[in-house]
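Peer 1: fold the following.
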Amino acid sequence: MTDNPQGSKALSEEELQDLVSSSDAGARNPVGPVGTMLAIIAVVWSLFQVLLASPIANYVLPGDVINNSRQIHLGFAIFLAFMAYPALKSSPRHYIPIQDWIMGLLGTVIALYGYIFYQKIVNNGGLADDFDKWVALVGLVLLFEGARRALGPAMAIIATIFLLYVFFGSSEWVPEVIRWKGASLKKAMSHMWITSEGVFGIALGVSTKFVFLFVLFGALLEKAGAGNYFIKMAFGALGHLRGGPAKAAVVGSAATGLISGSSIANVVTTGTFTIPLMRRVGFSNEKAGAVEVASSVNGQIMPPVMGAAAFLMVEYVGISYVEVITHAFLPAAISYIALVYIVHLEAVKNNMPTLGDRVVSMGKTIGGMAAFFVGFAALCYGVQYPVRWITSALPSSGLVLSGLIVLTYILLLWLAAQGPDLEPDDPNAEEVKLPVVAEIYKSGLYFLLPIIVLVYFLMIEQKSPGLSAFWATLLLFVILLTQKPLKSIFRGESEMAASFQSGVLDLWQGLQDGARNMIGIALATATAGVIVGTVTLTGVGQVMADLVEFLSGGNLIMMLVMVGILSLILGMGLPTTANYIVVSSLMAGVVVELGAQSGLIVPLIAVHLFVFYFGIMADVTPPVGLASFAAAAVSGGDAIKTGFTAFFYSLRTVALPFVFIFNTDLLLIDVGWTQGIIVAISATIAILVFTAGTMGYFLTRNRIYESLALILVAFALFRPDFFMDKLQPPFSVIEPSKLEQALETASPGDELRVIVSGPDFDTGEPKDTTLVLLVDGEGTGAERLDSFGLLLLEEDGVVKMDEPAFGSPFADTLQNYDFYADTPVTMSSVQAPSDQLPKEIIFIPALALLGLIVLLQRGRASKEGVPA
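Peer 2: Next up is the predicted model:
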């Protein structure tokens, strides 16, 4: 134990590793034959998933194994959950009790029930019989118990409540607003376990096809030594600056966020080194922990993995993986930039000392890092041209490209062998010697190769995430097996056999780590399937929309605030993947529907990112913020104070979702290259100005009016359309009867907005919905109107609407209207686009106000002698 200045105690290294293992990989680690057997099962699971993602899967694996891979995936996860996670804190950790063996084996058999009795289920039309329903019920109980062990009680409790709602939703003690007719045990179990609507639904399918390979990729990359390399590079680049350890913690966590899908593991992995160094330069225990929490949780919003949520968004939103990470990239990037600025302001505000004796300018450091990232992106993008040339010129291009990758790897490894291997530094050493980037960068350049392969296949070739991760993982197999023997050869050492054996052990351990890290994710996606199944079976999603609309009084901002709070509550205690599934299943539809009623048309990807951002904030927010507790365990600070400080540092992560709901340019939706660059620059300035305003410090300490002015400038840069719309309305209102003429004169690409009013199908209450008619192609007004499938009838000056034909563009949107009630559904208003000056003109007065604040503060700072 290590005493800290505040008198509390930090956990030892052994206790910290136990914290990570108990939360991410299972605290039980039996020895002897049982331990060996479990290790073999974990490795077999990893190899099965690698084979399943490979191009030869259809030739090697039987068709029924591929078709039932979700059942096999869950079977492995349930068995290992009962083997690796003790039931209670007091349960034995060095051996497995008999009841855990029974539950693990029984859970595996029931998970495989659909695979074993596939023909019987098909003959029953996919419905459960009397025997099936009891098997499924036992399976759910075992699944919930496995989830409780692996994920804590929150996930199991939430899923149990939803399942009880399925059975008892018609009871009188259920509030009338959410009451439904209820379901029989047979119907519920069919839905939840036998079909693909519940446990074996989309979420578990994504876990099986994509997530496992990325988690394994991260585990292998970490085992190869990439995590330590990234942290050392971050400290070499930033550690000498004012508040350098905190800046390095942010950048290092961003890099390890690519490897780790767990904010808790990220906190402990990087925090054991960064937090003591932050404390040495003046950060309090709570602030040091909070910086690590904020940067580690931010790793979950950073493409390309986003805590596995990116792959779920592909399925739920129905767009390609490339589009998902394109839309998610800019908010995540500026969020990290803002966090670096936050710790810079903390350091300057408190006049913190620097580490080491090197003096390097901030400008050169930022320029060097920017050059590295731009160069890396250019390399990932530019490699397509020689690849295409080789592919078109040579018949056996696959072998040639593989040979070139291996040759590049050998050359980079030879470069790395010219210096010593990187060893983790001791942050508590009396004298801290910061790494010199120019001396250490060569030692890990080959770690970038698998990342380049991954990005190339994902972004350039646009292969599936599973296949892309397969090729990158295969390269890591080669690296783990050969890096140590080849380094021995290049260094002229005679320890080839021992080096090769060490490489095999690293690969074996990496395969184990990947499987153990997946246990919780697999059980989370399976358990979340019960919640998704409840939503589809009961229609509770519509009820949630009615509830939020009622509580918010129809106010759009209040509605978004309520959805954010509900997402926070639902995300408490859940891992990233699970809380995204839960909050998106319940809340995404709410935002889309209520937004349309208020005249705000929100793309579905923006809504999913909104609820995702608030869901991951649950990792920060007291009283449940798991990452905050992990950071407090490292720093010895108060967990609740750490959580509140981390939440304050994460205000930009709270503000950004509101910004991109109202200004989808931030997500680069329908934005060209030129406009995209303008958006990126203005958004970066905006987030920095917002940070300065909320931190109370810019060039010197802010006056209150300066902080308010800075926040106003940030708002204007983020949402110039808000002010421009006040000056020049973007739409002009026309008579509904003149819609056809408006469509006639509209140019391709124009958007007309139609407000539909009428009685709700369920409640009979009047409601409004906004439809966006995107004019596409040539044609008369009548032809364009027909293409939208809207059936209109003008009577007594009122434009009435008939129910749109099935399959027409707005059939789903309008299905909740009662077209056969006494009160007709009408087209109450039509808005046509009007000429408007470019909204970017608002940047001019915003930047002028910013310049005025700079002048005021610069004069005051020079008088006060404030350090830069």
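Peer 1: show me the strands in this protein, by range?
Peer 2: Under the criterion DSSP state E, the chain contains strands at 2-3, 9-10, 731-734, 751-759, 766-774, 791-795, 798-802, 826-833.
Peer 1: and those strands: which comes nearest Gln509?
Peer 2: Within the strands of the chain, the stretch nearest Gln509 is strand 9-10; the backing value is 27.0 Å (C-beta to C-beta). Backbone N, C-alpha and C define where each C-beta goes, glycine included.
Peer 1: could you find the closest non-adjacent residue to Ile410?
Peer 2: Distance criterion C-beta to C-beta, 6 or more residues apart in numbering; nearest residue to Ile410, sequence neighbours excluded, is Leu486 at 6.9 Å.
Peer 1: may I see the buried residues of stretch 414-422?
Peer 2: 414, 416-417, 422 (16 or more other C-beta atoms under 10 Å).
Peer 1: over to it now: how far is its first residue from its last?
Peer 2: Across stretch 414-422, the terminal residues are separated by 15 Å (C-alpha to C-alpha, to the nearest Å).
Peer 1: change the start of the numbering to 665 and stick with it
Peer 2: Taking 665 as the first residue, the last one we looked at is stretch 1078-1086.
Peer 1: so can I have a markdown table of the strands of the chain showing mean neighbour count, mean pLDDT and distance to Ala890?
Peer 2: Conversion of the strands of the chain to a markdown table gives the following (neighbours: other C-beta atoms under 10 Å; pLDDT from 0 to 100; distance: least, C-beta to C-beta, whole Å):
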| stretch | mean neighbour count | mean pLDDT | distance to Ala890 |
| --- | --- | --- | --- |
| strand 666-667 | 12 | 42 | 28 |
| strand 673-674 | 18 | 60 | 26 |
| strand 1395-1398 | 14 | 88 | 52 |
| strand 1415-1423 | 20 | 90 | 46 |
| strand 1430-1438 | 16 | 86 | 45 |
| strand 1455-1459 | 12 | 86 | 60 |
| strand 1462-1466 | 17 | 90 | 59 |
| strand 1490-1497 | 19 | 89 | 50 |
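Peer 1: what sits opposite Gln1495 in the beta ladder?
Peer 2: Judged by DSSP bridges, the bridge partners of Gln1495 are Val1397, Arg1417.
Peer 1: for Ala1410, see how far away it is.
Peer 2: Computed as C-beta to C-beta, to the nearest Å, the Gln1495 to Ala1410 distance reads 12 Å.
Peer 1: pull the residues that contact stretch 1303-1310.
Peer 2: Contacts of stretch 1303-1310 from elsewhere in the structure, counted by C-beta atoms under 8 Å, 6 or more residues apart in numbering, are 949-951, 953-955, 957-958, 961, 1284-1287, 1289, 1291-1293, 1295-1297, 1299.
Peer 1: centre of the chain versus stretch 700-715, how much separation?
Peer 2: On the basis of C-alpha atoms, centre = their mean, to the nearest Å, the separation between the geometric centre of stretch 700-715 and that of its chain is 27 Å.
Peer 1: tell me the mean pLDDT over that stretch?
Peer 2: The average pLDDT within stretch 700-715 is 95.
Peer 1: any chance you could list what contacts that stretch?
Peer 2: The contact list for stretch 700-715, computed with C-beta under 8 Å, 6+ apart, reads 694, 721, 724-725, 736-737, 740, 743-744, 747-748, 872, 876-877, 880, 1134, 1137-1138, 1172, 1175-1176, 1178-1180, 1182.
Peer 1: return the set of buried residues in that stretch.
Peer 2: Buried, per 16+ other C-beta under 10 Å, within stretch 700-715: 702-703, 705-707, 709-710, 712-714.
Peer 1: CA-only coordinates of it in CSV, if you can.
Peer 2: Only the C-alpha atoms of stretch 700-715 are listed here, as CSV (Å, rounded to 0.1, in the frame of the first residue of the first chain):
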residue,chain,number,x,y,z
THR,A,700,-4.8,-25.9,-18.2
MET,A,701,-8.2,-27.2,-19.5
LEU,A,702,-9.8,-23.8,-19.1
ALA,A,703,-6.8,-22.2,-20.9
ILE,A,704,-7.2,-24.7,-23.8
ILE,A,705,-11.0,-23.9,-24.0
ALA,A,706,-10.3,-20.2,-24.1
VAL,A,707,-7.7,-20.6,-26.8
VAL,A,708,-10.0,-22.9,-28.8
TRP,A,709,-12.8,-20.3,-28.6
SER,A,710,-10.3,-17.6,-29.9
LEU,A,711,-9.2,-19.9,-32.8
PHE,A,712,-12.8,-20.8,-33.6
GLN,A,713,-13.7,-17.1,-33.9
VAL,A,714,-10.6,-16.5,-36.1
LEU,A,715,-11.5,-19.4,-38.4
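Peer 1: how many other residues sit next to Lys1097?
Peer 2: Residue neighbour count, defined by other C-beta atoms under 10 Å, stands at 10 for Lys1097.
Peer 1: cool, the one 10 residues further on as well?
Peer 2: Using other C-beta under 10 Å, Ser1107 has 23 other residues around it.
Peer 1: one more: the one 5 residues further on?
Peer 2: A count of neighbours around Leu1112, defined by other C-beta under 10 Å, yields 16.
Peer 1: could you do the one 10 residues further on as well?
Peer 2: For Leu1122, the count of nearby residues is 22 (other C-beta under 10 Å).
Peer 1: so Thr1487 makes contact with Asp1424?
Peer 2: No - using C-beta atoms under 8 Å, Thr1487 is not in contact with Asp1424, being 10.6 Å away.
Peer 1: the more surrounded of those two?
Peer 2: Each of Thr1487 and Asp1424 had its neighbours counted (other C-beta under 10 Å), and the higher figure belongs to Asp1424 (15 against 11).
Peer 1: excluding covalently adjacent residues, which one is nearest to the more buried one?
Peer 2: Leaving aside its sequence neighbours, Asp1424 sits nearest to Lys1431 (C-beta to C-beta, 6+ apart; 5.2 Å).
Peer 1: I'd say that neighbour and Leu1478 touch.
Peer 2: No - applying C-beta under 8 Å as the test, Lys1431 and Leu1478 come out as separate, 11.2 Å apart.
Peer 1: okay, now the domains of this protein?
Peer 2: Recorded structural domains for the chain (assignment: automatic domain parsing) are 673-868, 878-1060+1084-1143, 1218-1391, 1396-1499.
Peer 1: for the residue nearest to Asp1424, give its distance to Val708.
Peer 2: For Lys1431, the distance to Val708 - C-beta to C-beta - is 55 Å.
Peer 1: Lys1097 now?
Peer 2: Counting by C-beta to C-beta, the separation of Lys1097 from Val708 is 44 Å.
Peer 1: contacts only, for the residue nearest the centre of the chain.
Peer 2: Among the residues of the chain, the smallest C-alpha distance to the mean C-alpha position (C-alpha atoms, centre = their mean) belongs to Met970, namely 3.2 Å. Shown in contact with Met970 (C-beta under 8 Å, 6+ apart): 964, 989, 992, 996, 1240, 1276.
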